[in-house]
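Trainee: Quick one: sequence and predicted model below, then my questions.
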Amino acid sequence: MDDRRLSPNFGERRGGAVPSLIVIHYTAMESCAAARDRLCDPLAEVSAHWLISRHGTIDALVDEAHRAWHAGAGEWGGVADVNSHSIGVELDNRGNEPFPEPQMAALEHVLQGIMTRWSIPPHRVIGHSDMAPDRKSDPGTRFDWQRLARQGLSVWPDLATPGAPARDFVSQACRFGYPALGEDVVLRAFRLRFRPGATGPVCLADTAMANNLALRFGVDEADAQA
């Protein structure tokens, strides 16, 4: 790491936790330089382990062994202190634009390294909106989750595989990992990731996707598939 680029905003992982999640964010700032300045500003009290520019430049800001301050309040799979259990990756993006090819390629490289170093399975790679659906929307509707899933860097519903009859949407989404919040909140976050552009009340497509993900990767399944 280049010490001139390191963020002072970090601490020890609580309770002896080791990284078991990766959380993807967008910066929602005008430039990567502005985002880097904020992530390294001690007064801002925010940080991330990695920052990736739209041109594919990769900056390491916090050592992965430490607890960066990127996730805030939220939960995933019953884990409430997400910062202590995760690696945070920030993507230089305003939130309403595509993620360029060089940036996605760099992200894939970073994810492969993190997942190997910490033995993190694909279903533990999530978005900020997944663990904080009542207040966050990143990485947003323009992010290509299916691309990551095709490379084993995340997951996607497999509706071609027969499974048990679909159950209640919220209970299955929560079994996959989402926090137990109201249906509207969970549905919004779920669709941001798996059905961008979908509107209206919960439908069979939402429930079938949630059911498939819960069956394959449910947090209460000791033998959940990676």
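Mentor: In hand now; what should we look at?
Trainee: can you list contacts of the helix of greatest length in the chain?
Mentor: Looking only at the chain and at elements set by DSSP state H, the helix with the highest residue count is helix 101-118. The set of residues external to helix 101-118 that reach it, using C-beta atoms under 8 Å, 6 or more residues apart in numbering, is 18-20, 22, 24, 50, 52-58, 64, 87, 89, 91-93, 99, 120-122, 125, 144, 147-148, 151, 153. Bear in mind the C-beta positions are built from the backbone N, C-alpha and C, glycine included.
Trainee: Give me the subset of those that lies in strands.
Mentor: Taking DSSP state E as the definition of strands, the contacts of helix 101-118 contribute Ile22, Ile24, Trp50, Ile52, Ile58, Ile87, Val89, Leu91, Val125.
Trainee: Let me know the closest of those to Pro196.
Mentor: In terms of C-beta to C-beta, no member of the ones in strands among the contacts of helix 101-118 lies closer to Pro196 than Ile24, at 14.9 Å.
Trainee: Is that closest one bridged to anything, and to what?
Mentor: When bridges are called by DSSP bridges, Ile24 pairs up with Val89, Gly127.
Trainee: dump the residue contacts of it.
Mentor: The neighbourhood of Ile24, defined by C-beta under 8 Å, 6+ apart, consists of Val89, Leu91, Leu107, Val125, Ile126, Gly127, His128, Asp138, Pro139, Phe143.
Trainee: just Ala180 next, same as before
Mentor: Applying C-beta under 8 Å, 6+ apart to Ala180 gives the contacts Val170, Cys174.
Trainee: again, but for the one 4 residues further on
Mentor: By C-beta under 8 Å, 6+ apart, the contact set of Asp184 is empty.
Trainee: what's the average pLDDT for the host helix or strand of it?
Mentor: When elements are assigned from DSSP states H and E, Asp184 belongs to helix 183-194. Taken as a whole, helix 183-194 carries a mean pLDDT of 98.
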